[in-house]
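Participant: here is my input, please return the structure:
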Amino acid sequence: MIRKGVVFEPLPQAVRLRDRAVALADRTAESAGRPGERLVWGIPLVGALLGFAMYAIQRNGGTAGGLTSLFFLPILAAAYLFGLAGGAAAAVAAAGLCATLPLVTDPTRSQDPGSDLARSAIFLLVGASTGLLATLLSRQARSRHVLVDDAARGLWRALHAHDRAIAGHAERVSLYAQGIARQLGLPPERIDRVREAALLHNVGRLALPHGASNEPLVTERIIREVRELQAVLPIVRAHRERWDGAGFPDGLHSHQIPLEARIVAVANAYDNLTVPPPGRAAAPPDQAIALVHEQAGSRFDPAVVTALASLHNRWRAVLAPDFFAHQPPTR
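Facilitator: Numbering: from 1, shown residues only. Have a look, this model is predicted:
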């Protein structure tokens, strides 16, 4: 996953402060939201599965009835959601609850004692081993994110060395695109993909003059050489497509265009309006939103434009109005 440090060298202090405040707010929401959300619904789920197992066993003749394997459901769920510690904790809870249940509930049946200790050991073994596997897989996924981060950052640093203003533009587009993706409710892995594609969408500038029309294709060719970044290829290729089908390079329209590319297109347009290339006047953020909205349904996906407007309003609600009243200079 790409770390979201923000570089805005060409911009005045007010704009840097505004964008860093937005980035910090989004970073805080992201880091706090993911684990918290899992706890909110994960713990009640495991508790419900434990309760269901107890109820089913009691209704079907006690622990001698063969349904104690139902306790594996909460154990596996906790191991998947919370790793080694979660699996072990659920196993201990299952063993304790199972020990409180009657061996048989039918007095006409003989008592076959069995072994609570052996059952508890099996529960613990399954919970711990499954939790360990889930933890290892999670670490492997995080390692892959680090590889993607390093690869993308390497290309971005090359762009930064070539043209600091364009690199700053890519950082801001990445920031706005992530906010739009969250506003649309995309899952974390797709938000990561949006961030990576937005940060690299104009890497083709390394080999082309400014404004070259085939930049998406050159960017695609550059990124294609980096194995860890293959997932962003369709996005960088399609970010110049239009909702009405009049875009470049493939003439895709509406939902033929990857959603991530539609997001990057809107974020790119917004930044080009608020921090334009040399020779063009900058638009204040409110005016930029209105200008982007005018092209909803023709150039841009209307739903993505609406998400940008909602994001803009949310930022206005938490940041000082002066940040949005400031009109930045050209790059």
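Participant: residue 78 contacts residue 46, doesn't it?
Facilitator: Yes - between residue 78 and residue 46 there is a contact under Cβ atoms under 8 Å: 4.7 Å. Glycine gets a C-beta too; all of them are placed from N, C-alpha and C.
Participant: higher neighbour count, the two?
Facilitator: Each of residue 78 and residue 46 has its neighbours counted (other Cβ atoms under 10 Å); residue 78 has more, 30 against 24.
Participant: tell me which residues in the strand or helix carrying the more buried one are buried?
Facilitator: Using DSSP states H and E, the element containing residue 78 is helix 72-100. Buried residues in helix 72-100, counted by 16 or more other Cβ atoms under 10 Å: 72-84, 86-91, 93-95, 97-98.
Participant: so what secondary structure elements neighbour that helix?
Facilitator: helix 13-59, helix 116-162 (3 or more Cβ pairs under 8 Å, 6 or more residues apart in numbering; DSSP states H and E).
Participant: past the last one, which element shows up next along the chain?
Facilitator: Past helix 116-162, further along toward the C-terminus, the next helix or strand under DSSP H and E is helix 164-183.
Participant: got the CA positions of that following helix in PDB?
Facilitator: Provided in PDB are the C-alpha atoms of helix 164-183 (Å, rounded to 0.1, in the frame of the first residue of the first chain):
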ATOM      1  CA  ARG A 164       8.500  18.500  -9.300                       C
ATOM      2  CA  ALA A 165       5.300  20.300 -10.300                       C
ATOM      3  CA  ILE A 166       3.900  17.300 -12.200                       C
ATOM      4  CA  ALA A 167       4.900  15.000  -9.300                       C
ATOM      5  CA  GLY A 168       3.000  17.300  -6.900                       C
ATOM      6  CA  HIS A 169       0.000  17.200  -9.300                       C
ATOM      7  CA  ALA A 170       0.100  13.400  -9.100                       C
ATOM      8  CA  GLU A 171       0.200  13.500  -5.300                       C
ATOM      9  CA  ARG A 172      -2.900  15.700  -5.100                       C
ATOM     10  CA  VAL A 173      -4.800  13.600  -7.700                       C
ATOM     11  CA  SER A 174      -4.000  10.500  -5.600                       C
ATOM     12  CA  LEU A 175      -5.300  12.300  -2.500                       C
ATOM     13  CA  TYR A 176      -8.600  13.400  -4.200                       C
ATOM     14  CA  ALA A 177      -9.000  10.000  -5.900                       C
ATOM     15  CA  GLN A 178      -8.700   8.100  -2.600                       C
ATOM     16  CA  GLY A 179     -11.400  10.400  -1.000                       C
ATOM     17  CA  ILE A 180     -13.700   9.900  -3.900                       C
ATOM     18  CA  ALA A 181     -13.200   6.100  -3.700                       C
ATOM     19  CA  ARG A 182     -14.000   6.100   0.000                       C
ATOM     20  CA  GLN A 183     -17.100   8.300  -0.700                       C
END
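Participant: and the next element down the chain from it?
Facilitator: Of the helices and strands lying after helix 164-183 in sequence (DSSP H and E), the nearest is helix 188-200.
Participant: and the angle for that next one with helix 164-183?
Facilitator: Interaxial angle of helix 188-200 relative to helix 164-183 (axes from the mean of the first three to the mean of the last three Cα atoms, to 10 degrees): 160 degrees.
Participant: other SSEs contacting helix 188-200?
Facilitator: For helix 188-200, the packing partners by 3+ Cβ pairs under 8 Å, 6+ apart are helix 13-59, helix 116-162, helix 164-183, helix 233-238, helix 259-274.
Participant: worst mean pLDDT among the ones you listed?
Facilitator: The minimum mean pLDDT among these belongs to helix 13-59 (a mean of 65).
Participant: wait, residue 54 sits on residue 96?
Facilitator: No - Residue 54 lies out of contact with residue 96 (Cβ under 8 Å); the separation is 11.0 Å.
Participant: distance across stretch 53-68, terminal residue to terminal residue?
Facilitator: 7 Å (Cα to Cα, to the nearest Å).
Participant: what does stretch 179-190 give?
Facilitator: Length of stretch 179-190, first residue to last, Cα to Cα: 12 Å.
Participant: please identify the buried residues of that stretch?
Facilitator: 179-184, 186, 190.
Participant: can I get those residues in TSV including distance to residue 279?
Facilitator: Shown next, in TSV, are the buried residues of stretch 179-190 (distance: Cβ to Cβ, whole Å):
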residue	distance to residue 279
179	28
180	28
181	31
182	34
183	32
184	33
186	35
190	36
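Participant: wait, doesn't residue 38 sit right on residue 83?
Facilitator: No - with contact defined as Cβ under 8 Å, residue 38 does not reach residue 83; the gap is 10.9 Å.
Participant: show me the domain layout of the chain.
Facilitator: Structural domains annotated on the chain: 40-138, 163-325, as defined by automatic domain parsing.
Participant: quick one, which of these is packed in tightest?
Facilitator: domain 163-325 (a mean of 19; mean count of other Cβ atoms under 10 Å).
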